[in-house]
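A.B. asks: sequence first, then the predicted structure, then my questions.
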Amino acid sequence: MPTPPVKAVSEVLDAHEKLLIDQVVAKHRDRPGAMLGILEAVQSANPHKYLSMESLRYVAEQTGVPARAFTARHFLRAVQSRSARRHT
């Protein structure tokens, strides 16, 4: 059975989301710690204050930072948070 084609991230996000991310990346690109500012701005613009995986991947494409780094960061933060709660 053939595997369905995987859509590029830019095909999954709507034009408004892509434009917003493009503008945020352009605004923050050369600043120290830019990634955090970019992610915060994208999350704040979402009506549910949610960072979708598609948004993260598109940010990764636009900034040249691999999406795996975001996934690992989220996992690590969750583990650290859980561990900190156990030891307090």
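C.D. replies: Thanks, I have the structure now.
A.B. asks: for stretch 47-57, give the mean pLDDT please.
C.D. replies: When pLDDT is averaged over stretch 47-57, the result is 86.
A.B. asks: buried set for that stretch?
C.D. replies: 51, 54-57 (16 or more other Cβ atoms under 10 Å). For every residue, glycine as well, the C-beta is placed using N, CA and C.
A.B. asks: same deal with stretch 13-27?
C.D. replies: For stretch 13-27, a neighbour-count test (16+ other Cβ under 10 Å) marks 13, 17-18, 20-21, 24-25 as buried.
A.B. asks: cool, stretch 58-66 as well?
C.D. replies: Result for stretch 58-66 [16+ other Cβ under 10 Å]: buried residues 58-62.
A.B. asks: convert that stretch to CSV, retaining C-alpha atoms only.
C.D. replies: The C-alpha trace of stretch 58-66 is given here as CSV (Å, rounded to 0.1, in the frame of the first residue of the first chain):
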residue,chain,number,x,y,z
TYR,A,58,7.6,26.7,9.6
VAL,A,59,9.6,28.8,12.1
ALA,A,60,12.4,26.2,11.8
GLU,A,61,12.3,26.5,8.0
GLN,A,62,12.5,30.3,8.1
THR,A,63,15.2,30.5,10.7
GLY,A,64,17.3,27.5,9.7
VAL,A,65,17.0,25.8,13.1
PRO,A,66,15.9,22.2,12.8
